[in-house]
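> pasted the sequence and its predicted model underneath.
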Amino acid sequence: MNLFSTFDPSANWNTSLNWTSTLIGMIIIPSSFWLIPSRLSFIWIKITHTLHKEFKTLLGNKNKGSTLIFISLFSMIMFNNFMGLFPYIFTGTSHISMTLTLALPLWLTFILFGWTNNTIHMFAHLVPQGTPPVLMPFMVCIETISNIIRPGTLTIRLSANMIAGHLLMTLLGNTGSSMSSYMIGILLTVQILLLLLESAVAMIQSYVFAVLSTLYSSEVN
């Protein structure tokens, strides 16, 4: 067994059914069919309403309906991140194959839409305002490269953050069997603090992914 086998979908029971954890997050979504909405429903409605207002500000008045895509993206990533914090549940978002599947189609559609419908605007984006004529060729190269690596940065940021925290918790947890009772108490405290940190990271990373996707979308209009 190597250290990274924790993140291998076929590590347990020799099956690839661990990918079904990607859909387990659907259970947490509050139902809208209750006569009296629960507190969870109110919290979820408040979160989506706040995100809608923020994304609408980033997108401008032209794309009011587009916020639904990014709120759905935020919800899916956040549920998957949280599911990965439970024992024996596979974290789908720690794999590049999943995060790249989310980032690449989004980026590709934004780029194709921008270059097809707003070609002049996209060319103007390659040279920032106020750039000296001497630096213009360099700025075009830099902006082109930064546009091309965007799906890669979105992908690696999310998967690396998920792997890093879980790997640290696994490493600390594996040392528990060889510790004294006093050290185990300290280890449990550290693990609980790490779990709280990972819960915050799960929310922050899903928010960052959605906001950056929104910003990339707003640039092509």
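On my side now, so go ahead. Small disclaimer: the values here were computed from a predicted structure and weren't measured.
> which residues in this structure form helices?
Ranges of helices in the chain, per DSSP state H, are 21-24, 39-59, 67-83, 96-117, 119-125, 136-148, 150-174, 181-219.
> shouldn't F90 be in contact with S21?
Yes: counting by Cβ atoms under 8 Å, F90 touches S21, with 4.6 Å between them. Any C-beta I mention is one placed from the backbone N, CA and C, and that applies to glycine too.
> which one's more surrounded, those two?
F90 (24 against 20; other Cβ atoms under 10 Å).
> count the residues that sit near the nearest residue to that one once chain neighbours are set aside.
In space, F90 comes closest to N18 once its chain neighbours are excluded; the distance is 3.3 Å by Cβ to Cβ, 6 or more residues apart in numbering. By the measure other Cβ under 10 Å, the count of residues near N18 is 19.
> any idea how far N18 is from H95?
For N18, the distance to H95 equals 10 Å [Cβ to Cβ, to the nearest Å].
> residues that sit against both of F90 and S21, list them.
Common contacts of F90 and S21 (Cβ atoms under 8 Å, 6 or more residues apart in numbering): G84.
> low-confidence ranges, this protein, go.
1-2, 5-17, 30-37, 61-65 (pLDDT under 70).
> now do 80
Filtered on pLDDT under 80, the chain yields the residue ranges 1-38, 40-41, 60-66, 118, 121-133, 135-136, 176-179, 220-221.
> what separation is there between the spatially most central residue of it and S177?
Centroid-nearest residue in the chain: S206, 3.7 Å away (criterion: Cα atoms, centre = their mean). Going from S206 to S177 by Cβ to Cβ gives 34 Å.
> residues near L85, how many?
Count around L85 with other Cβ under 10 Å applied: 17.
> A103 now?
25.
> which ones are touching it?
Counting by Cβ under 8 Å, 6+ apart, the residues that A103 touches are R150, P151, G152, L154, T155, F209, S213.
> most tightly surrounded among the helices of the chain?
helix 67-83 (a mean of 21; mean count of other Cβ atoms under 10 Å).
> please compute how far that one lies from its chain's middle.
8 Å (Cα atoms, centre = their mean, to the nearest Å).
> for it, name the packing helices and strands.
Applying 3 or more Cβ pairs under 8 Å, 6 or more residues apart in numbering; DSSP states H and E, one finds that helix 67-83 contacts helix 21-24, helix 39-59, helix 96-117, helix 181-219.
> which neighbouring elements make contact with the second one?
In terms of contacts (3+ Cβ pairs under 8 Å, 6+ apart), helix 39-59 is packed against helix 67-83, helix 181-219.
> quick one: contacts for G114?
Contacts of G114 (Cβ under 8 Å, 6+ apart): H121, M122, E219, V220, N221.
> I meant to write T57 there.
Neighbours of T57 in contact, by Cβ under 8 Å, 6+ apart: none.
> thinking again about what came up before, so can I have JSON lines of the contacts of G114 showing distance to I111?
Below are the contacts of G114 laid out as JSON lines (distance: Cβ to Cβ, whole Å):
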{"residue": "H121", "distance to I111": "13"}
{"residue": "M122", "distance to I111": "8"}
{"residue": "E219", "distance to I111": "10"}
{"residue": "V220", "distance to I111": "7"}
{"residue": "N221", "distance to I111": "13"}
